[in-house]
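**Student:** here's a sequence, model it:
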Amino acid sequence: MIALCLLFLECGNPGLHNEYLSNNCILEEGGHDHSVIRCDSPERNVYSTILDYEYNNDFIIIKQTPNREDYKSSIAFELSCEKAAESNNAQYDKTMCEQQADSILKQDSFYISIFKNDTNYWIISHKEKRNYGPLNKSDFGKKFDELKIPKKLRLKAG
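**Tutor:** Model (predicted):
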């Protein structure tokens, strides 16, 4: 059902540009600085705004400025897709999903950590099927070395 929702979102937004990255991950870019890296499961997604990224077959590294409204709308969308699948009701209450998403952003320690910094760094490890992040620049460098990510994968400075 999530794939169907993503297809609906893509078809409903003609300004959307997709770039296929590695291992079932896609960079979606739309208007108003909206960008997201979507992977094969919602918990592996990194939402707006993606400033820079590099990838190979094993890793995706990302520099992000988190955008609260994009996180809220993306979480609300995922909630509405899940609920529509559970209830077989495509007309699920958007307002209720947005309220739930807002509550998640305010109470969940993971999301609180995302908005703690102006800039976050992420590492998606395909081998481990795991995201590392949000990381500050120093922790990103340590995890980069620990995971033995090839030095040719570099984010732009700044």
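
**Student:** show me where this structure has strands.
**Tutor:** Remark: strands assigned in the chain by DSSP state E are 17-20, 26-29, 35-38, 50-55, 59-64, 120-125, 130-135.

**Student:** by contact count, what packs against the second one?
**Tutor:** Packing contacts for strand 26-29, counted by 3 or more Cβ pairs under 8 Å, 6 or more residues apart in numbering; DSSP states H and E, involve strand 17-20, strand 35-38, strand 50-55. In short, each C-beta sits where N, CA and C put it, glycine included.

**Student:** and the second one, average pLDDT?
**Tutor:** Per-residue confidence for strand 35-38 averages out to 74 on the pLDDT scale.

**Student:** kindly report the same for the longest one.
**Tutor:** Along strand 50-55, the predicted confidence averages to a pLDDT of 91.

**Student:** contacts for that strand next, please.
**Tutor:** For strand 50-55, contacts defined as Cβ atoms under 8 Å, 6 or more residues apart in numbering pick out 21-22, 25, 27, 29, 35-37, 60-65, 119, 153-156.

**Student:** gap between the residue most central in space within the chain and S22?
**Tutor:** Centroid-nearest residue in the chain: V46, 1.8 Å away (criterion: Cα atoms, centre = their mean). Distance, V46 to S22, by Cβ to Cβ, to the nearest Å: 14 Å.

**Student:** now do the contacts for the nearest residue to P150 once chain neighbours are set aside.
**Tutor:** With sequence-adjacent residues excluded and distances taken as Cβ to Cβ, 6 or more residues apart in numbering, P150 is closest to N56, at 6.7 Å. By Cβ under 8 Å, 6+ apart, N56 lies in contact with 22, 150, 153.

**Student:** return a ChimeraX selection command for the buried portion of the residues you listed.
**Tutor:** In ChimeraX syntax, the buried subset of the contacts of N56 is picked out as below (16 or more other Cβ atoms under 10 Å):
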select :153
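
**Student:** mind putting the contacts of N56 into TSV with pLDDT and distance to D102?
**Tutor:** Formatted as TSV, the contacts of N56 follow (pLDDT from 0 to 100; distance: Cβ to Cβ, whole Å):
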residue	pLDDT	distance to D102
S22	83	33
P150	95	39
L153	94	35
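
**Student:** which one of the contacts of N56 is nearest F144?
**Tutor:** When the contacts of N56 are compared for distance to F144 (Cβ to Cβ), L153 wins out at 8.3 Å.
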